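Participant: Generate a structure from the sequence data that follows.
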Amino acid sequence: MIDIKLIRENKDLVKENIKKKFQDDKLPLVDEIYELDLEYREVKQNMDTKRAEKNKLSAEIGALMRDKKIEEANEIKAKVSTMGEEIDALTKREDELSEIIKTKMMRIPNIIADSVPIGKDDSENVELKKFGEPVVPTYEIPYHADILEAFNALDKEASGRTSGNGFYYLMGDAARLSSAMLSYARDFMIDKGFIYCIPPFMIRSDVVTGVMSFAEMDAMMYKIEGEDLYLIGTSEHSMIGKFKDQLLKPESLPITMTSYSPCFRKEVGAHGIEERGIYRVHQFEKQEMIVICEPEESEEWYEKMWQYTVELFRSLDIPVRQLECCSGDLADLKYKSCDIEAWSPRQQKYFEVGSCSNLTDAQARRLGIRVKSDKGNYYLHTLNNTVLASTRALIALLENNYQEDGSIKIPKVLQPYMGGKEIIK
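Facilitator: As a prediction, this is how the structure comes out:
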C-alpha cells in the first residue's frame with residue numbers, strides 16, 4: 001500500500017504508475033480516493049473542532065453550577081448533549097471513510113522502480129546476466145517424470161487416488177535428494193548469517209491481505225473452511241506476518257531470517273497444473289529468506305539476496321540466469337523483482353526456480369511494521385527471496401546431473417546429506 005500523501009500531492013505520478021502496469025481499470029480509483037480523502041480530512045477537522053468546543057463548554061458547566069446559575073448551566077448542558085450527538089455522527093462517518101479509503105488504497109499498486117522494464121507480461125521480462133555455461137549433452141535427457149519413474153521414485157497415480165491432480169508421492173533416493181537439497185539450503189543461509197525459523201503453516205486473513213493483493217490471494221491461497229485461517233503459499237507470508245503491528249527498535253535491524261515450510265497453492269490460471277511431472281503442483285517444500293531493514297538499505301539487500309540464490313545453484317553445478325521482471329509481471333506490492341532461472345538441458349532453455357522481490361514499505365504499511373527512532377516512527381522495507389523450491393530445484397538437478405547410463409551424479413555439496421553417496425543408480 002502506498003502512502004496516501006502521493007495521491008494528495010501527485011495524482012499524476014500514481015496514475016502513470018498504474019498505466020505502466022497496464023491496469024487502466026484502476027485509474028478511476030485515484031480520483032475516488034482523492035475526493036474521499038478530502039471529505040475525511042474535513043470531517044476529522046470538524047469533529048476535532050466540535051470536540052474542543054464541547055470540552056470547553058463542559059468545563060463552563062461546573063463553574064455555572066458553583067455560582068448557582070442553574071438555568072444557564074442547563075442551557076449549556078443541552079447544547080453539549082446536541083454536540084455530543086453531532087460528534088458521534090462525525091466519528092461514525094470518519095470510521096466509514098477510513099475503511100472505504102483503506103479498501104481502495106489496497107488496490108493501488110506500489111510505485112515501481114525507474115529501472116523496471118515496461119512490458120505487459122512475463123514474455124517481456126529482460127535477461128540481465130548468465131552464470132555458468134549451459135551444457136547440452138550428446139545423449140538424450142528424458143523428461144524429469146520419466147527419470148523419477150525409472151527409479152520408482154514418483155507415483156502420481158496413487159496421489160491421484162488419495163488427493164487428486166496436482167499432488168505426488170516422492171520416494172526412495174529421490175525423496176532423500178529433495179530433503180538433502182533443502183537441508184543444504186538451510187545450512188547455506190545460516191552460514192550467511194540468517195536466523196533459521198520454522199514458521200506457522202497457516203495464517204489469518206488480516207496477515208494474508210497484509211502481504212499480498214486480493215487477486216493473488218484468490219489465485220493462490222487455500223481457505224480453511226469454517227475458520228479464519230489460510231494455508232500458506234510461501235513461508236514469506238507468515239515470516240513477515242510475525243512482525244505485524246510491531247514497533248521495532250533500531251538496534252534490532254536488519255532482521256534477516258531463513259525459513260523452511262511446505263507450500264500450498266491453488267495455482268489458478270491459464271498455465272494449469274502439470275499432469276505428469278512436478279513442475280507446477282499444489283504442494284511442495286521451500287527454503288525462503290526475508291529481510292526487514294531501513295529504507296535506505298533495501299536496494300543493497302535486494303542485490304545480496306538474489307546473488308545468494310545464484311551462488312547456491314552454482315554450488316550444485318546448475319547454470320542459471322537472472323531475469324528482471326517487467327512492469328506487467330510485477331505483483332501489486334512489488335517495487336522491483338527478478339527471477340532466477342535454471343538451465344534445462346532437455347528443453348535447451350531456462351525455467352524459473354526462484355524469485356527475489358523488494359516491496360519497499362508496501363507490506364509494512366499494510367501490516368503496521370515500523371521502527372522507533374530519534375527521527376520519529378516510520379515504516380520499514382521488506383524483501384523476500386526463494387532460496388530453493390523443492391520440486392523445481394529437483395528437476396534442475398536431475399537434468400543437469402543425468403548421466404548417459406541413466407544414473408544421477410550427486411553434487412559434492414550434497415553428498416554429506418546423502419550418507420556419502422556420490423551417485424544414484
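Participant: Let me see the mean pLDDT of stretch 393-406.
Facilitator: For stretch 393-406, the mean per-residue pLDDT is 97.
Participant: Oh, that last question was meant for stretch 23-35, not what I typed.
Facilitator: Mean per-residue pLDDT for stretch 23-35: 97.
Participant: Residue 243 reaches residue 371, doesn't it?
Facilitator: No. The criterion here is C-beta atoms under 8 Å, and residue 243 misses it with residue 371 at 10.5 Å. For every residue, glycine as well, the C-beta is placed using N, CA and C.
Participant: Convert the C-alpha atoms of stretch 58-78 to PDB, please.
Facilitator: Taking Å, rounded to 0.1, in the frame of the first residue of the first chain, the C-alpha atoms of stretch 58-78 are listed here in PDB:
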ATOM      1  CA  SER A  58     -18.400  21.200  29.700                       C
ATOM      2  CA  ALA A  59     -15.800  23.000  31.800                       C
ATOM      3  CA  GLU A  60     -18.100  26.000  32.000                       C
ATOM      4  CA  ILE A  61     -21.000  24.000  33.300                       C
ATOM      5  CA  GLY A  62     -19.200  23.200  36.600                       C
ATOM      6  CA  ALA A  63     -18.400  26.900  37.200                       C
ATOM      7  CA  LEU A  64     -22.000  27.900  36.500                       C
ATOM      8  CA  MET A  65     -23.300  25.300  38.900                       C
ATOM      9  CA  ARG A  66     -21.000  26.500  41.600                       C
ATOM     10  CA  ASP A  67     -22.300  30.100  41.000                       C
ATOM     11  CA  LYS A  68     -25.900  28.800  41.300                       C
ATOM     12  CA  LYS A  69     -26.600  29.800  37.700                       C
ATOM     13  CA  ILE A  70     -28.700  26.600  37.100                       C
ATOM     14  CA  GLU A  71     -30.700  27.900  34.100                       C
ATOM     15  CA  GLU A  72     -27.600  28.900  32.200                       C
ATOM     16  CA  ALA A  73     -25.900  25.600  33.100                       C
ATOM     17  CA  ASN A  74     -28.900  23.600  31.800                       C
ATOM     18  CA  GLU A  75     -28.800  25.500  28.500                       C
ATOM     19  CA  ILE A  76     -25.200  24.700  28.000                       C
ATOM     20  CA  LYS A  77     -25.800  21.000  29.000                       C
ATOM     21  CA  ALA A  78     -28.500  20.800  26.300                       C
END
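Participant: Could you list the buried residues of it?
Facilitator: In terms of neighbour count (16 or more other C-beta atoms under 10 Å), stretch 58-78 has its buried residues at 61, 64, 73.
Participant: Columns distance to residue 103 on top of those residues, output as JSON lines?
Facilitator: Putting the buried residues of stretch 58-78 into JSON lines (distance: C-beta to C-beta, whole Å) gives the following:
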{"residue": "61", "distance to residue 103": "41"}
{"residue": "64", "distance to residue 103": "46"}
{"residue": "73", "distance to residue 103": "45"}
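Participant: and which of the residues you listed is nearest residue 402?
Facilitator: Ranked by distance to residue 402 (C-beta to C-beta), the buried residues of stretch 58-78 are led by residue 61 at 87.9 Å.
Participant: Just the buried residues of the longest helix along the chain, please?
Facilitator: Longest helix in the chain, counting residues (DSSP state H): helix 27-66. Residues of helix 27-66 classed as buried: 29-30, 33, 36-37, 40, 43-44, 47, 51, 54, 61, 64 (neighbour count, 16+ other C-beta under 10 Å).
Participant: Please apply the same query to stretch 153-173.
Facilitator: For stretch 153-173, by 16+ other C-beta under 10 Å, it's 153, 154, 156, 159, 166, 167, 168, 170, 173.
Participant: min pLDDT across those, which one?
Facilitator: Ranked by pLDDT, these bottom out at residue 166 (91).
Participant: one step back: which strands and helices sit next to the longest helix of the chain?
Facilitator: With contacts defined as 3 or more C-beta pairs under 8 Å, 6 or more residues apart in numbering; DSSP states H and E, the packing partners of helix 27-66 are helix 4-9, helix 11-20, helix 70-105.
Participant: Just tell me which of those helices ends up closest to residue 387.
Facilitator: helix 11-20 (30.0 Å).
Participant: What are the buried residues along that closest one?
Facilitator: 14, 15, 17, 18, 20.
Participant: Other residues contacting it?
Facilitator: Identification of contacts with helix 11-20 by C-beta atoms under 8 Å, 6 or more residues apart in numbering yields 2, 6-7, 24, 26-27, 30-31, 34, 108-109, 111-112, 116, 118, 327.
Participant: any idea of the mean pLDDT in that helix?
Facilitator: Rounded mean pLDDT across helix 11-20 is 97.
Participant: What of stretch 73-91?
Facilitator: Mean predicted lDDT for stretch 73-91 stands at 82.
Participant: what's the offset of that stretch from the middle of its chain?
Facilitator: 47 Å (C-alpha atoms, centre = their mean, to the nearest Å).
Participant: likewise stretch 176-183?
Facilitator: Stretch 176-183 sits 24 Å away from the centroid of its parent chain (C-alpha atoms, centre = their mean).
Participant: Identify all contacting residues around it.
Facilitator: Identification of contacts with stretch 176-183 by C-beta under 8 Å, 6+ apart yields 170, 260, 285-287, 316, 388, 390-391, 393-394, 397, 408, 410, 414, 417-418, 424.
Participant: any idea of the mean pLDDT in stretch 191-202?
Facilitator: Here the average pLDDT along stretch 191-202 is 97.
Participant: first to last residue in that stretch, what's the distance?
Facilitator: Stretch 191-202 has an end-to-end distance of 28 Å (criterion: C-alpha to C-alpha, to the nearest Å).
Participant: Just the buried residues of it, please?
Facilitator: Those would be 192, 194, 197, 199, 200, 202, for stretch 191-202 by 16+ other C-beta under 10 Å.
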